[in-house]
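J.: Predicted model, plus sequence, below.
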Amino acid sequence: MAKRNKENISIADALKGFIKDNNLDKGLDKIDAQNAWYAVMGKSIEAYTDSVELKNQTLVVRLSSAPLREELSYGRSKIIVNINEFLRREVIKELILA
């Protein structure tokens, strides 16, 4: 059983500590990155998105449309910035459109 801490802490701090102690950061980052892709890119891009995976700070997005993939590749750095701003932390350093 875990030791009790006698000082009062907020629920947010307790959850952050739990996530860190149990090494859940990477799993939550994967889910957050996937949700951020859909939120930032919108419904029109979501329709052509087959899968979104986060692998070692690289977001791998599989698209079903080659012309869309080409179009998005021109704004790759802006997409990374927008997703990281949405997440309020730097989770993604590279974007691969497949």
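T.: Sure thing, it's come through.
J.: all helices in the chain, in order from the N-terminus.
T.: With DSSP state H applied, the chain shows helices at 11-21, 25-46, 66-73, 76-87, listed in chain order.
J.: and stretch 54-68, how far apart are its ends?
T.: Distance across stretch 54-68, first residue to last, is 20 Å (CA to CA, to the nearest Å).
J.: let me redo that: stretch 16-26
T.: With CA to CA as the measure, the first residue of stretch 16-26 is 13 Å from its last.
J.: Reformat the helices of the chain into CSV and put mean neighbour count, distance to K55 and mean pLDDT next to each item.
T.: In short, each C-beta sits where N, CA and C put it, glycine included. Compiled in CSV, those are given as follows (neighbours: other CB atoms under 10 Å; distance: least, CB to CB, whole Å; pLDDT from 0 to 100):
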stretch, mean neighbour count, distance to K55, mean pLDDT
helix 11-21, 10, 20, 81
helix 25-46, 14, 9, 92
helix 66-73, 13, 18, 96
helix 76-87, 16, 15, 96
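J.: Next one: I11 from G17, what distance?
T.: 11 Å (CB to CB, to the nearest Å).
J.: again, but for K55
T.: 27 Å.
J.: circling back to that earlier point, arrange the helices of the chain in a markdown table, one row each, with distance to V60 as further columns.
T.: Formatted as a markdown table, the helices of the chain follow (distance: least, CB to CB, whole Å):
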| stretch | distance to V60 |
| --- | --- |
| helix 11-21 | 24 |
| helix 25-46 | 10 |
| helix 66-73 | 12 |
| helix 76-87 | 13 |
